[in-house]
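Undergrad: Sequence below, structure please.
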Amino acid sequence: MSGNKKIEEALEHIKCAEKSLKTGLLKWRPDYDNAADEYNKAATCFRNAKSFDQCKDCLLKAVECHKQNRALFYAAKALDQTILVCKEVGDFRDIYKYAERAANMFQSHGSAESACASLDKAAKILESQNPEEALKLFQHAAEISTVQDSSRQAAEYVSKVARIYVKLQQYDLAADAIRRELGLHQENESYQATGRLVVALVLVQLARGDVVAAEKAFKEWGNYCEGPEVQTLEALLQAFDEEDPENANRALNSPFIKHMDVEYAILARDMPLPQGMSVPQKVSVRENAAPSYVSPNSQPKEKESAEESSEPPDAKEPSDDEEGGGLC
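TA: Model prediction:
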């Protein structure tokens, strides 16, 4: 019953909004401000009545009224509310479009922080359902933060970009994003976070199958790592360089790596181990073994040469004196 009352109340607000938009002889310009307010009230009533489609429709009408009134900040706020309604309904198709529109309106109004917050909120909603669109929203937020000289905030968004690339197994782009994040942390002198990023970069390079690039990354950024990080990376790189799967697996399962961000921990868990070369053991034969068990090929060369030397020498040809016979 209360739901029906809310719907009736919403319809009354819609009538008032439509009346505000009408013009006449004494009213040349629509009252967009009042119409937007009435549409917002109607959207609230519809939302309380769980009528989300009608709620979304009223919010979008409020957005248009705010735009006509050049109130871009309030138009962007109405789009933010529309995104939340889409989340409740489970309709993720238009969230990316609404988030981009809201961010552009916030920027036009001069509210860069609100633009980044809107993009971040929408990206978190899309991250599990549509990571590609979430990736674009995080990239847009990072660009805005960079323009505003907020390198610390930009580093957070770039970090999210890198993790999504790892999730999508786009390791080349992930490595580029991590390098960019390292550069931003250098600008902020946030050296504590830099060590973990070096481990992440080495893991990504190993996932690409490029051990040389992984070693180069460690040499370039390893001085920012702490003791446990250095020990883990040295053991890991040595195992991959020597193609030692056992030690590589031991290093990848170290507690330090397991407690990294989920994407990097999964990357380490699923990383292909180096394929070591299995060298067959040489079979040796005892010197005093029975003859029937000794292979002719296993006889030492010294014995063969000794046997050859023990053979009787060839008979000499008789000399002329011997052919003559008799005693002188």
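Undergrad: remind me, longest helix of the chain?
TA: Taking DSSP state H as the criterion, the chain has its longest helix at helix 2-21.
Undergrad: Can you pull out the low-pLDDT segments for the protein?
TA: Along the chain, segments meeting pLDDT under 70 span 1-2, 276-328.
Undergrad: buried sites along the longest helix of the chain?
TA: Using 16 or more other Cβ atoms under 10 Å as the test for burial, helix 2-21 gives Lys6, Ile7, Glu9, Ala10, His13, Ile14, Cys16, Ala17, Ser20, Leu21. Where C-beta positions appear, they are placed from N, C-alpha and C, glycine not excepted.
Undergrad: Where do the helices of the stretch 101-250 of the chain begin and end?
TA: 112-126, 131-147, 151-167, 171-188, 191-207, 211-221, 227-241, 245-252 (DSSP state H, counting those that start in this stretch).
Undergrad: Turn the ones you listed into JSON lines, columns for distance to Glu64 and mean neighbour count.
TA: Output for those, formatted as JSON lines (distance: least, Cβ to Cβ, whole Å; neighbours: other Cβ atoms under 10 Å):
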{"stretch": "helix 112-126", "distance to Glu64": "18", "mean neighbour count": "22"}
{"stretch": "helix 131-147", "distance to Glu64": "23", "mean neighbour count": "21"}
{"stretch": "helix 151-167", "distance to Glu64": "30", "mean neighbour count": "22"}
{"stretch": "helix 171-188", "distance to Glu64": "37", "mean neighbour count": "19"}
{"stretch": "helix 191-207", "distance to Glu64": "43", "mean neighbour count": "22"}
{"stretch": "helix 211-221", "distance to Glu64": "50", "mean neighbour count": "17"}
{"stretch": "helix 227-241", "distance to Glu64": "53", "mean neighbour count": "18"}
{"stretch": "helix 245-252", "distance to Glu64": "54", "mean neighbour count": "17"}
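Undergrad: Could you say which one of the ones you listed comes nearest to Asp31?
TA: Judged by Cβ to Cβ, the one of the helices of the stretch 101-250 of the chain that comes nearest to Asp31 is helix 112-126, at 26.1 Å.
Undergrad: thinking again about what came up before, list the helices and strands the longest helix of the chain packs on?
TA: helix 32-48, helix 52-68 (3 or more Cβ pairs under 8 Å, 6 or more residues apart in numbering; DSSP states H and E).
Undergrad: Go through the last one and flag the buried ones.
TA: Under the neighbour-count criterion of 16+ other Cβ under 10 Å, helix 52-68 has 52, 54-63, 65-68 buried.
Undergrad: Same question for the first one.
TA: When neighbours are counted by 16+ other Cβ under 10 Å, the buried residues of helix 32-48 are found to be 32, 34-48.
Undergrad: what's near enough to touch the nearest residue to Ile14 once chain neighbours are set aside?
TA: Of all residues not flanking Ile14 in the chain, Ala42 sits nearest, at 5.0 Å (Cβ to Cβ, 6 or more residues apart in numbering). Going by Cβ atoms under 8 Å, 6 or more residues apart in numbering, Ala42 touches Ala10, Leu11, His13, Ile14, Ala17, Cys58.
Undergrad: redo that, cut-off 7 Å
TA: Ala10, His13, Ile14, Ala17, Cys58 (Cβ atoms under 7 Å, 6 or more residues apart in numbering).
Undergrad: any residues touching the longest helix of the chain, and which ones?
TA: By Cβ under 7 Å, 6+ apart, helix 2-21 touches 30-31, 34-35, 38-39, 41-42, 45-46, 48-51.
Undergrad: can you rerun that using 6 Å?
TA: Residues outside helix 2-21 that contact it (Cβ atoms under 6 Å, 6 or more residues apart in numbering): Pro30, Asp31, Asn34, Ala35, Glu38, Tyr39, Lys41, Ala42, Cys45, Phe46, Asn48, Ala49.
Undergrad: Output the residues you listed in JSON lines, with distance to Cys116 appended to each entry.
TA: Converted to JSON lines, the contacts of helix 2-21 look like this (distance: Cβ to Cβ, whole Å):
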{"residue": "Pro30", "distance to Cys116": "33"}
{"residue": "Asp31", "distance to Cys116": "33"}
{"residue": "Asn34", "distance to Cys116": "31"}
{"residue": "Ala35", "distance to Cys116": "30"}
{"residue": "Glu38", "distance to Cys116": "31"}
{"residue": "Tyr39", "distance to Cys116": "27"}
{"residue": "Lys41", "distance to Cys116": "29"}
{"residue": "Ala42", "distance to Cys116": "30"}
{"residue": "Cys45", "distance to Cys116": "31"}
{"residue": "Phe46", "distance to Cys116": "29"}
{"residue": "Asn48", "distance to Cys116": "30"}
{"residue": "Ala49", "distance to Cys116": "33"}
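Undergrad: Tell me the one of those nearest Asp176?
TA: Lowest distance from Asp176 to the contacts of helix 2-21 (Cβ to Cβ) belongs to Tyr39, with 44.3 Å.
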